[in-house]
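Trainee: Here is the input, now give the coordinates:
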Amino acid sequence: MVALIPQENTVAALVSRTGRHMQRYSKGRRQVVGCIPYRYKASKQTSLKDDAQELEVLVISSQKGKGMLFPKGGWEQDESKEGAASRETLEEAGVRGLIGCELGDWSFKSKSHDSFYEGYMFPLLVQEQLDFWPEKNLRQRIWMNVEEAREVCQHWWMKEALDRLVNRLTTQQQNHQGPLLESRTENLLACI
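Mentor: Okay, here's the model as predicted:
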């Protein structure tokens, strides 16, 4: 499934949702969703006639700690998983784009709440980066290559999701003939 986040939601999305009264739980575990925002940047190390492009991912600073992570937050009862992941990514990182099929689900222990959570991650091919977003004053966002992101990401399960994304994108590029841009779009539409 691929969904483009509608632009008309910009004004409504300029305030982050707060509180946990609408949060989803499964067997006592809070359910959280997030995205790994990514894009392709032309590599400086290749010639102009070469189609090679470098994968970059967007990480954000943690609101409660010193580490970096991918945008994620609570999945609420009035949302689909993909909708909640898109909303959290817009609120925390200020980006929108095409969301791909789920990368997986993980069970992890929260450091701050001493309880277990269920986390679901999705890839999000960034198509728009906003100058203003709800948590602009609370977080930093930084584009980096995969190796740098893996190094700074503070959660093991997010690193595993990143590895799954890279593996998925690499496999798609190897299995498809034709221009790189077309292959990304076609593969995304074919449900990553």
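Trainee: gap between the lengthiest helix in the chain and the chain center?
Mentor: Using DSSP state H to define each element, the chain has its longest helix at helix 156-175. Taking the mean of its C-alpha atoms, helix 156-175 sits 12 Å from the chain's own mean (C-alpha atoms, centre = their mean, to the nearest Å).
Trainee: What sits closest to Arg39 if chain neighbours are left out?
Mentor: Using C-beta to C-beta, 6 or more residues apart in numbering and skipping the chain neighbours, the partner closest in space to Arg39 is Val126 (4.8 Å). Glycine gets a C-beta too; all of them are placed from N, C-alpha and C.
Trainee: Pull up the pairing partners for whatever helix or strand the one you found lives in, direction included.
Mentor: For Val126, the host element (DSSP states H and E) is strand 116-129. Using DSSP bridges, the strands paired with strand 116-129 in its sheet are strand 29-42 (parallel), strand 95-99 (antiparallel), strand 104-109 (antiparallel).
Trainee: Check which element follows that strand along the chain.
Mentor: Once strand 116-129 ends, the next helix or strand along the chain (criterion: DSSP H and E) is strand 141-145.
Trainee: Could you give me the buried positions within that following strand?
Mentor: Of the residues in strand 141-145, those scored as buried under the neighbour-count criterion (16 or more other C-beta atoms under 10 Å) are 141, 143-144.
Trainee: now do stretch 116-131
Mentor: Using 16+ other C-beta under 10 Å as the test for burial, stretch 116-131 gives 117-126, 129.
Trainee: since we're on Leu69, how many residues are nearby?
Mentor: Around Leu69 sit 21 other residues, with neighbours defined as other C-beta atoms under 10 Å.
Trainee: cool, and Gly73?
Mentor: Counted with other C-beta under 10 Å, the neighbours of Gly73 add up to 18.
Trainee: thinking again about what came up before, including pLDDT and distance to Met158, could the buried residues of stretch 116-131 go into a markdown table?
Mentor: Shown next, in a markdown table, are the buried residues of stretch 116-131 (pLDDT from 0 to 100; distance: C-beta to C-beta, whole Å):
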| residue | pLDDT | distance to Met158 |
| --- | --- | --- |
| Tyr117 | 91 | 12 |
| Glu118 | 94 | 14 |
| Gly119 | 95 | 8 |
| Tyr120 | 97 | 12 |
| Met121 | 97 | 7 |
| Phe122 | 98 | 12 |
| Pro123 | 98 | 13 |
| Leu124 | 98 | 14 |
| Leu125 | 98 | 18 |
| Val126 | 98 | 17 |
| Gln129 | 97 | 20 |
